[in-house]
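A.B. asks: Sequence and computational prediction follow.
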Amino acid sequence: MNSKFIHAKYLAVLLLGIVFLIVAAVDAFSATEINIGSGDVYTVTTSKVIDGKTINAKFNIVKTLRSKNYNLNNCTFTMDLTATSESYAAHCMEAIVKLFIVTKKESATNESIERVINLDLDFSPIADLNAIKYGLEDLSFSDGVATFETADLTQASNFVLNVKLSASRKLFKDKILLNDQLEASDYTIEKLPSGKARVSIDLKRLSDEIEDAKGPTLKIELKTLKAVDVKDAINTPNLTNALSASLIIND
């Protein structure tokens, strides 16, 4: 037999094996996502192979009546299977999403596991987290001005923005150069196409000691004025009542 033909044959088998492994890996690690913008009841079936055993799951999902208070067209709900349980997440900026497992039934054979899970999705207002729900990112400092990206603070009310500047001292406690709760007049906001905003704080205007300090630490804190109940929320990124970021400047 022609050696080139044999080589090509084995190469084809090898490629098929690689494709099979890729497909198996995708099946093993992929999650199932649905849009929850329309409709009140959803039935979702999904399967996943874990350790050679197929897990088949049927999810019956009901949105509570409070869902009608929110525009959920951009919200999605994700379900994933593990060998012994399930995990859930909601990509939603329009409401706080919580999940309740109403019932769960499971049966198993040598080849597969069958699950039927009934779920309720409940929703509550997220407006009081408008200042925090996009995080606090990209803190930087240049020419006396601290900048970071977060939500558009002009569209939020339930928040406190605090800036702290401290200088480290070897023999004494850190010297606090600045520790202020900022007013709207203490910073400027540049709205970004992403829906976020860039916040700029002129620290030289707030503290005369910053130029003489050696390697001070800048800390920005953004938190809710009145705490919001986010316990057991399945929103992702995770919802919180407080954010902070720190940076050593003037090194």
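C.D. replies: Yep, it's here.
A.B. asks: So what sits opposite Tyr187 in the bridge?
C.D. replies: When bridges are called by DSSP bridges, Tyr187 pairs up with Ile201.
A.B. asks: Give me the pLDDT value at it.
C.D. replies: What the model reports for Tyr187 is a pLDDT of 97.
A.B. asks: Would you mind measuring from it to Thr109?
C.D. replies: 62 Å (CB to CB, to the nearest Å). Just so you know, the C-beta spots here come from the backbone N, C-alpha and C atoms, and that holds for glycine as well.
A.B. asks: of those two, who's got more company?
C.D. replies: Per other CB atoms under 10 Å, whichever of Tyr187 and Thr109 has more neighbours is Tyr187, with 18 against 9.
A.B. asks: need the contact list for the more buried one.
C.D. replies: By CB atoms under 8 Å, 6 or more residues apart in numbering, the residues touching Tyr187 are 161, 199-201.
A.B. asks: Buried by neighbour count, from those: which ones?
C.D. replies: By neighbour count, with 16 or more other CB atoms under 10 Å, these hold 161, 199, 201 as buried.
A.B. asks: quick one: the second one from Leu192, how far?
C.D. replies: Spelled out, it's Val199. Distance check for Val199 against Leu192: by CB to CB, it reads 11 Å.
A.B. asks: quick one: common contacting residues for the two?
C.D. replies: Here Val199 and Leu192 have Glu149 as joint contacts, going by CB under 8 Å, 6+ apart.
A.B. asks: how does this structure divide into domains?
C.D. replies: The record's domain parsing of the chain by automatic domain parsing lists 31-125, 128-248.
A.B. asks: ok, back up a step: looking at the contacts of Tyr187, spot the one nearest Ala227.
C.D. replies: Distance to Ala227 across these (CB to CB) is lowest for Leu161, with 16.3 Å.
A.B. asks: For the closest one, list each beta-bridge partner.
C.D. replies: Leu222.
A.B. asks: if I pick it, what's in contact with it?
C.D. replies: 153, 181-182, 187, 199, 220-222 are the contacts of Leu161 under CB under 8 Å, 6+ apart.
A.B. asks: ok, now with 10 Å
C.D. replies: 131, 136, 150, 153, 180-184, 186-187, 199, 201, 220-223 (CB atoms under 10 Å, 6 or more residues apart in numbering).
A.B. asks: Now, of those residues, which are buried?
C.D. replies: 131, 136, 150, 153, 187, 199, 201, 220-223.
A.B. asks: which among those residues gets closest to Ile55?
C.D. replies: Leu136 (38.5 Å).
A.B. asks: Give me the pLDDT for that closest one.
C.D. replies: On pLDDT, Leu136 comes in at 96.
A.B. asks: Thought Phe148 was touching it, still the case?
C.D. replies: Yes - counting by CB atoms under 10 Å, Leu136 touches Phe148, with 5.8 Å between them.
A.B. asks: shared neighbours, those two?
C.D. replies: 199, 220, 222, 243, 245.
A.B. asks: tell me which of these is nearest to Ile61?
C.D. replies: When the shared contacts of Leu136 and Phe148 are compared against Ile61 (criterion: CB to CB), the nearest one is Leu243, at 30.9 Å.
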